[in-house]
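Undergrad: structure for the following, please:
(one chain, ligands or ions: 1)
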Amino acid sequence: MPINNIVVLTGAGISAESGVATFRGPDGLWEGHRVEDVATPQALRRNPELVHRFYDLRREKLGTVEPNAAHLALARLDREWPGELLVVTQNVDDLHERAGLTRLVHMHGELLSALCASCGAKHRWPGAMPAGTVCPGCGEPALRPDIVFFGEMPEHMDRIERALADAQLFVSIGTSGAVYPAAGFVQTAAYHGARTLELNLERSAGSAWFDETRLGPAGTLVPAWVEEVLNSSPAYSGGGGPA
Ligand code: APR
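TA: Numbers count the residues shown, from 1 in each chain. Sure, this is the predicted structure:
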């Protein structure tokens, strides 16, 4: 089956070689907190200063990191792929955008955005956001990080589901397959007949669902895969089975 529509899912692993900590690796703790204990609506209610400080520090760190070869390769695919492409990232950093990727959605929110808990407005927010920061829209002291916390609905799900239903190829890059609904995308894509490929440092919780898993750093695997798919190697021009 010729490949026209591609969906790519990225996770923290694609930003690891840029120096951005992943969540469930040895670097997954922040000041002794599991991220899961900080990124929750309960934590925001219980200790707003802690949660706001956590995201202020992560937002500040963005200024010290750069996109890596994997981000740049996906931006090349975006420029050169003649068919449909949607990159769905679970990451809240801006490294995909800074690499030049445009066909992108953030399903877990963005560090550089503020959400007003009162009026629902979103504002680009590159600086610090202490608890009680006033919303420029409604004037309420209700700005919070524009991050989808555990238990909250991920964003852009309608668009993502439509893209998965229409995809002939689904590629997962740098994610542990530990968090739904993202971890279920491979099954949705496969149900609709897509070929599925995983590029990851180690086997993930979802590896068994993929037609093919390639193990290694994203900075090496992603540029090689983009070269392969752009050169429409036989594996992608309708050949059956794993490449
Ligand atoms: N190249 C490729 N993969 C890598 C690399 C690398 N250089 N370094 C780490 N990985 C892999 C790890 O093996 C792991 O499977 O990336 C994955 C990172 O997994 P997590 O830390 O669980 O991050 P992620 O899958 O993005 O987490 C999903 O959980 O905490 C929530 O909302 C948060 O979006 C996040 C979601």
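Undergrad: name the nearest residue to the residue nearest the centre of the chain, ignoring sequence neighbours.
TA: Centroid-nearest residue in the chain, with C-alpha atoms, centre = their mean: Thr89, separated by 2.0 Å. Once flanking residues are discounted, Thr89 sits nearest to Thr10: 4.6 Å by C-beta to C-beta, 6 or more residues apart in numbering. C-beta here means a position set from N, CA and C on the backbone, and glycine is covered the same way.
Undergrad: I figured that neighbour was touching Asn91, is that so?
TA: Yes. Assessed by C-beta atoms under 8 Å, Thr10 is found in contact with Asn91 at 6.2 Å.
Undergrad: more neighbours: these two, which one.
TA: Set Thr10 next to Asn91 and count neighbours by other C-beta atoms under 10 Å: Thr10 wins out with 28 against 24.
Undergrad: show me the beta-bridge partners of that one.
TA: Counting by DSSP bridges, Thr10 is bridged to Thr89, Ile173.
Undergrad: what's near enough to touch it?
TA: Counting by C-beta atoms under 8 Å, 6 or more residues apart in numbering, Thr10 makes contact with 74, 87-91, 96, 173-175.
Undergrad: which of these come close to the ligand?
TA: Counting by C-beta under 6 Å from any ligand atom, 90, 174-175 from those sit close to the ligand.
Undergrad: wait, which of the residues you listed is closest to Gly127?
TA: The closest of the ones next to the ligand among the contacts of Thr10 to Gly127 turns out to be Gln90 (C-beta to C-beta; 24.1 Å).
Undergrad: got the phi/psi numbers for the nearest residue to Glu152 once chain neighbours are set aside?
TA: Of all residues not flanking Glu152 in the chain, Pro41 sits nearest, at 6.7 Å (C-beta to C-beta, 6+ apart). Dihedral pair for Pro41: phi -60, psi -30, per degrees, to the nearest 10.
Undergrad: hmm, Pro41 is touching Met153, no?
TA: No. Contact criterion C-beta under 8 Å: Pro41 and Met153 do not qualify, at 11.7 Å.
Undergrad: higher neighbour count, the two?
TA: The neighbour count for Pro41 versus Met153, taken as other C-beta under 10 Å, is higher for Pro41 (14 against 8).
Undergrad: per-residue pLDDT, the more buried one?
TA: At Pro41, the model reports a pLDDT of 92.
Undergrad: quick one: contacts for it?
TA: When contacts are counted by C-beta under 8 Å, 6+ apart, Pro41 touches 149, 151-152.
Undergrad: any chance of TSV for these, columns pLDDT and secondary structure?
TA: Below are the contacts of Pro41 laid out as TSV (pLDDT from 0 to 100; DSSP: H, G, I helix; E, B strand; the rest coil):
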residue	pLDDT	secondary structure
Phe149	94	coil
Gly151	88	coil
Glu152	94	coil
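Undergrad: and those residues, which are buried?
TA: Buried subset of those (neighbour count, 16 or more other C-beta atoms under 10 Å): Phe149.
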